[in-house]
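1. Okay, sequence plus prediction incoming.
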Amino acid sequence: QTMQRLRALGMRHLVMLTGDHRDVAQRIAKDVGVTDVRAELLPADKLTAIKELQTQYGSIAMIGDGVNNAPALATATVGIAMGGAGTAVALETADVALMGDDLRKLPFAVGLSRASRTIIRQNLGVSLGVIALLLVTSVLGLVQLSWAVVLHEGSTIVVVLNALRLLGYRMR
């Protein structure tokens, strides 16, 4: 179910990098819907695989929980450590830690990060647009300084209210 939700978010390539035996890895991959399995890997092999995947696909997110994953977590565009069961090295190396060790929360985290990026862009657009407008109109004398301050502070409230929408974020 988690893999299906990740695919619905646009992730086309789901790859398993594991040090486990190939037959076991392939059975698990088939059960959960992973598209590519690379098994019996040492930490250096996982690092090499991440670099190859970045060359092939661009941005890469990697999830890991142990010392063997730390170099690959550090190299991935986004390293995600499984917090509760993860080692200190994995947690320190990763960019994100899922503290509950529940992969079902990963699609929510991805969706929330995308919504956050959208709101950040909107807020930057509003902020910079208002500043540019006020700068031009103040220099030309079309708006008095007191009104420029009121409009600027009003835009700040709009930006804050827009960001607060993230508190109500729900997966679709």
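-> That came through fine. Given the structure is predicted, the values throughout are model-derived calculations rather than measurements.

2. looking at this structure, which residue lies furthest from center?
-> Taking CA atoms, centre = their mean, the residue of the chain most remote from its mean C-alpha position is residue 141, at 44.5 Å.

3. what's the pLDDT at that one?
-> Note on residue 141: pLDDT of 88.

4. part of a helix, is it?
-> No - counting by DSSP: H, G, I helix; E, B strand; the rest coil, residue 141 falls outside a helix, being coil.

5. for the helix or strand of the chain with the lowest mean pLDDT, packing partners?
-> Taking mean pLDDT, DSSP states H and E as the measure, the chain has helix 88-93 as its least confident helix or strand, at a mean of 78. For helix 88-93, the packing partners by 3 or more CB pairs under 8 Å, 6 or more residues apart in numbering; DSSP states H and E come out as helix 70-75, strand 78-82. The way it works is simple: take the backbone N, C-alpha and C, and place the C-beta from them, glycine included.

6. Recalculate using a threshold of 10 Å.
-> Using 3 or more CB pairs under 10 Å, 6 or more residues apart in numbering; DSSP states H and E as the contact criterion, the secondary-structure elements in contact with helix 88-93 are strand 61-64, helix 70-75, strand 78-82.

7. What ranges does the protein have for its strands?
-> Taking DSSP state E as the criterion, the chain contains strands spanning 15-17, 36-38, 61-64, 78-82, 96-98.

8. Let's test this: mean pLDDT of the longest one, rounded?
-> So that's strand 78-82. Over the span of strand 78-82, the pLDDT mean works out to 88.

9. What strands flank that strand, and is each parallel or antiparallel?
-> In its sheet, strand 78-82 lies beside strand 61-64 (parallel), strand 96-98 (parallel), with partners assigned from DSSP bridges.

10. ok so, going back, turn the helices and strands packed on helix 88-93 into CSV, including mean neighbour count and distance to residue 6.
-> CSV is the format used below for the helices and strands packed on helix 88-93 (neighbours: other CB atoms under 10 Å; distance: least, CB to CB, whole Å):
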stretch, mean neighbour count, distance to residue 6
strand 61-64, 21, 10
helix 70-75, 22, 18
strand 78-82, 23, 12
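
11. Give me the residues contacting stretch 53-60.
-> 12-13, 15, 17, 36, 38, 49-52, 62, 72, 75-79 (CB atoms under 10 Å, 6 or more residues apart in numbering).

12. So, low pLDDT: which residues of this structure?
-> Judged by pLDDT under 70, the chain has its weakly predicted residues at 83-87, 172.

13. who wins for proximity to residue 161 among the helices and strands packed on helix 88-93?
-> The closest of the helices and strands packed on helix 88-93 to residue 161 is strand 78-82. By CB to CB, the value is 28.7 Å.
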